[in-house]
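Asks: Sequence and computational prediction follow.
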Amino acid sequence: MLDAVFNHCGKNFPAFQDVIKNGDASPYKDWFHISELPSNEFHYETFAFDKTMPKLNTSNPKVKEYLLKVGQYWVKEFNIDGWRLDVANEIDHQFWREFRRAVKSIKEDVFLVGEIWHDALPWLEGEQFDSVMNYPLTNMIHRFFAYEEINAEQFSHELQKYLHQYPKPQYNFLFNLVGSHDTPRIINIAQKNKQKVMLIKAFQFSFLGSPSIYYGDEIGLTGDKDPGCRRCMVWDENLQDQEMLMFMKKLIKLRRKYPIMANSGNFKILSVSGHLNYLCYSRETEDQLFIVVMNNSSKVQSIPLPIDIKDKTILDLWKSKEFAAHSSTINVTLKAYDFSFLLIR
């Protein structure tokens, strides 16, 4: 998947340099949003008020043709699997409709992910993007697990509100991330508490959607906000957090092995405690029930399963242990910032 920045270009882009050189005589003057020409200091719209990044006029047919050909070229010539579309909310919807048709005419299943930091429903109606970077969920996860600004009950309310934001099928395709090149590293966000990061990842990989791993998070790479979050990957295994790497590999393996942990089955909050800060939710199909119990507190807790499980077989997916329940209720004991994955049969 390549990153496409169609909202703006660099100041050295040949078309923009031609405008600087030739002013009103430049055939590219309408490729940009320019308010004053000619002048040594002409005014033009930019991205993030940065003069080195002139904003492109994507309503201009020639600009549109140029960018659509770029989108098609990399799919046709290099068979890429998808495009990540930068600052997508600052480009008009009609451009994205045409972009989708253009690239999917070359490869029907090319995946289009838009960078949208807020409610993205207008882009997810089947005519523009296949998915978006799911920052609203990211923010909820940070506030509950990392910063502990909200408790489990408040997180539950926000999560259920979020689950009514889009059409139900769309949640399976959302690009769920907990950190990116535009945010501090998740280990930094969690104040270097590795157990919190593991709990966050356990939620991310047992929730609806497509979990995204920002390079280096799997080996505990640190970094504050930009440019710290964009530091180079550490390839020396002696400098990598091997425990975190094994943890992430195990999560991936389980999610692949058990579809109910991924996008099969209905999601439901079973119980929460704002005071004790624990959360219990389930995924359920006709013949399976998957339950996740999370202790987002600094204390060991014994958390009751809120369902009748008498005479059921329980498989602890994380510990690879199976046992039978002989009573209607059981308690799950969890360490600080720990979790349990239970498959009820």
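Replies: Sure thing, it's come through.

Asks: Flag the shaky bits of the stretch 151-300 of the chain, pLDDT-wise.
Replies: For the stretch 151-300 of the chain, no stretch is flagged by pLDDT under 70.

Asks: pull the CA atoms of stretch 319-335 into CSV?
Replies: Taking Å, rounded to 0.1, in the frame of the first residue of the first chain, the C-alpha atoms of stretch 319-335 are listed here in CSV:
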residue,chain,number,x,y,z
LYS,A,319,-3.0,-19.9,28.1
SER,A,320,-4.0,-22.8,25.9
LYS,A,321,-5.9,-24.5,28.7
GLU,A,322,-9.3,-26.1,28.6
PHE,A,323,-11.6,-26.8,31.6
ALA,A,324,-15.2,-27.6,32.3
ALA,A,325,-17.4,-25.3,34.4
HIS,A,326,-19.4,-27.2,37.1
SER,A,327,-21.1,-24.1,38.5
SER,A,328,-23.2,-21.4,37.0
THR,A,329,-20.7,-18.6,37.6
ILE,A,330,-16.9,-18.4,37.8
ASN,A,331,-14.5,-15.6,38.6
VAL,A,332,-11.5,-14.7,36.4
THR,A,333,-8.5,-13.5,38.3
LEU,A,334,-6.4,-11.0,36.5
LYS,A,335,-3.2,-9.2,37.3
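
Asks: mind checking how far it is from the chain centre?
Replies: Offset of stretch 319-335 from its chain centre (C-alpha atoms, centre = their mean, to the nearest Å): 32 Å.

Asks: residues touching the closest residue to residue 225 other than its chain neighbours, list them.
Replies: Nearest residue to residue 225 in three dimensions, chain neighbours excluded: residue 184, at 5.0 Å (C-beta to C-beta, 6 or more residues apart in numbering). Using the backbone N, CA and C atoms, a C-beta is placed for each residue, glycine as well. For residue 184, the contact set (C-beta atoms under 8 Å, 6 or more residues apart in numbering) comprises 223-225, 228-229.

Asks: Report all helices and strands that the longest helix belonging to the chain contacts.
Replies: Longest helix in the chain, counting residues (DSSP state H): helix 61-78. Packed against helix 61-78 by the contact rule (3 or more C-beta pairs under 8 Å, 6 or more residues apart in numbering; DSSP states H and E) you find strand 2-4, helix 93-104.

Asks: Rebuild these as TSV, extending it with distance to residue 262, mean neighbour count and mean pLDDT.
Replies: Below are those laid out as TSV (distance: least, C-beta to C-beta, whole Å; neighbours: other C-beta atoms under 10 Å; pLDDT from 0 to 100):
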stretch	distance to residue 262	mean neighbour count	mean pLDDT
strand 2-4	25	14	96
helix 93-104	25	18	98
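
Asks: So for residue 30, which of these sits nearest?
Replies: For the helices and strands packed on helix 61-78, proximity to residue 30 was assessed by C-beta to C-beta; helix 93-104 is nearest, at 15.3 Å.

Asks: So which elements touch the closest one?
Replies: Against helix 93-104 (3+ C-beta pairs under 8 Å, 6+ apart) you get helix 61-78, strand 82-85, strand 111-114.

Asks: Give the next helix or strand downstream of the last one.
Replies: Which is strand 111-114. Next helix or strand after strand 111-114 toward the C-terminus (DSSP states H and E): strand 131-132.

Asks: All the strands of the chain, in order from the start?
Replies: 2-4, 82-85, 111-114, 131-132, 175-176, 210-211, 266-273, 278-284, 289-295, 301-304, 313-316, 321-324, 331-334, 338-344 (DSSP state E).

Asks: Tell me which of the ones you listed sits most buried.
Replies: Burial of these is given as mean neighbour count (mean count of other C-beta atoms under 10 Å); strand 131-132 ranks first at a mean of 26.

Asks: Nearest to residue 60 among the strands of the chain would be which one?
Replies: strand 2-4 (17.4 Å).

Asks: Parallel or antiparallel, which strands does that closest one pair with?
Replies: Here strand 2-4 is paired, per DSSP bridges, with strand 82-85 (parallel).

Asks: Please tell me how far the strand it pairs with is from the chain's geometric centre.
Replies: 13 Å.

Asks: All the helices of the stretch 101-250 of the chain, in order from the start?
Replies: Assigned by DSSP state H, counting those that start in this stretch, the helices in the stretch 101-250 of the chain fall at 135-141, 152-162, 186-189, 194-204, 242-257.

Asks: Summarise which helices and strands the fourth one is packed against.
Replies: Right, the one you point to is helix 194-204. helix 135-141, helix 186-189, helix 242-257, strand 289-295, strand 338-344.
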